[in-house]
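Enquirer: fold the following for me, if possible:
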Amino acid sequence: MFGRGFAAGAVASVTVYALYSSLVQPAREEVDTDIRLIRSPRDLAGEEDPKGSDILKYGTPDSGTQTRTYTNHALSYDQGRRTPSWVAEHITKQDLQGTASRKSANFKMDPNLNPTYSSMNSDYKRSGWSRGHMAPAADNKFSQEAMDETFYLTNIVPQDIDNNGHFWNLMEIYCRNLTAKFSDVRVISGPLMMPNVDEGEKQYVKYEVIGQNLVAVPTHLFKVIAVEPSSGSPPDTVGVGVFVVPNAPIDSTKHTLKEYQVSLDALEKSAGTSFLPNLTRSSMVDLCSLDPCQMKNKQELDLIFITKRMNEATTLNRLDKSWKELETSTIVPSDNLKNLYAQKKRILTEKESQDQRLKANGTA
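Expert: The predicted structure is shown next:
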């Protein structure tokens, strides 16, 4: 249920009741959920519309919501809010291997989008919000082009800085780790605007906008995860997990991923989007019945970042700084990590000694 787990973060306490009441409603009159298109009265009557071309003489209004496809992600863009509505990606083990680097990538406007409807980097400057990827850069190590495209602002939303670097990051790592168990992992991520309830019990949707272009700050973020079990499940079965988190700090030592699990129906109703239209409900099974849905803890995340910084260290000073960070933490370094430090220290010591000799010879 949407109501579980939302007590985390600065905004969560005021949204719990609203989320629960707006998305966990009494049973309504049954409807055919397979109906995807309701036709116009003229279509239903089998009549042609002679006025159609005249009504739209100057063209059909275009809100730019068509699907945009890139090397390893696809998205629908909300031109009014200057953020994506959703971003879809397909992750495999192979995608996570390669030499593509964030150092070569820069946040920039999407060249495929009319600049009139784009956010800009200046909108985020001094806003208090980070530029949050919906399709993570780290899911595209196989291709520098694919990684670069994740830095287009069409893939970015204003995200709480702590949420971006911590809980949401753990969710992204969890999705990548699923590739060790499932051959194909598909993820759809995006922003949500959820209602609050005022003192008079009236519901309202309230959100901040930032910058000259009034970029909408989402109150919540979602992920729809779909995996295809390789064995042990009936044919055509797809594991589906849906998670919604507040766009606010969440302490992963106190809150688990499962606390934020919601039904696909609830998310689709809230977002106004059918996320998996080619899947029947009967073919879906709960992802958390196939996998524990357990993310890494903060200590494990810290270890990942420290190890990464040690690997990327280009000077002894940076290497030793990372090692000291490890020593002052509660993390017990493994033998592999100790060996990595010793090896890097040897290489960088030799490199700096060689640089000093070359410098001395050049100035002699």
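Enquirer: what strand or helix carries R131?
Expert: Assessed by DSSP states H and E, R131 sits inside strand 130-133.
Enquirer: distance between that strand and the chain's centre?
Expert: 9 Å (C-alpha atoms, centre = their mean, to the nearest Å).
Enquirer: before we move on, what about stretch 94-105?
Expert: The mean C-alpha position of stretch 94-105 is separated from the chain mean by 17 Å, C-alpha atoms, centre = their mean.
Enquirer: who touches it?
Expert: Stretch 94-105 is contacted from outside by 72, 137-144, 146-148, 150-151, 176, 179, using C-beta atoms under 8 Å, 6 or more residues apart in numbering. In this view, the C-beta of every residue, glycine as well, is placed from N, C-alpha and C.
Enquirer: mark which of the residues you listed are buried, thanks.
Expert: Buried by 16 or more other C-beta atoms under 10 Å: 72, 137-142, 144, 146-148, 150-151, 176, 179, out of those.
Enquirer: check contacts around the nearest residue to R309 once chain neighbours are set aside.
Expert: Take R309 and drop its neighbours on the chain: the residue closest to it by C-beta to C-beta, 6 or more residues apart in numbering is S322, 4.4 Å away. For S322, the contacting residues are I306, R309, M310, A313, by C-beta under 8 Å, 6+ apart.
Enquirer: tell me which of these is nearest to Q79?
Expert: Nearest to Q79 among those, counting by C-beta to C-beta, is R309 at 38.5 Å.
Enquirer: could you check how far that closest one is from S104?
Expert: As judged by C-beta to C-beta, to the nearest Å, R309 and S104 stand 18 Å apart.
Enquirer: pick out whichever of the two has more residues nearby.
Expert: R309 (16 against 11; other C-beta atoms under 10 Å).
Enquirer: wait, doesn't the more buried one sit right on D320?
Expert: No. Using C-beta atoms under 8 Å, R309 makes no contact with D320, being 11.2 Å away.
Enquirer: show me the domain layout of this protein.
Expert: As assigned by automatic domain parsing, the chain contains the domains 12-35+66-295, 299-363.
Enquirer: any chance of JSON lines for these, columns distance to D54 and mean pLDDT?
Expert: Formatted as JSON lines, these follow (distance: least, C-beta to C-beta, whole Å; pLDDT from 0 to 100):
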{"stretch": "domain 12-35+66-295", "distance to D54": "25", "mean pLDDT": "91"}
{"stretch": "domain 299-363", "distance to D54": "60", "mean pLDDT": "87"}
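Enquirer: of the ones you listed, flag the one that's most buried.
Expert: domain 12-35+66-295 (a mean of 17; mean count of other C-beta atoms under 10 Å).
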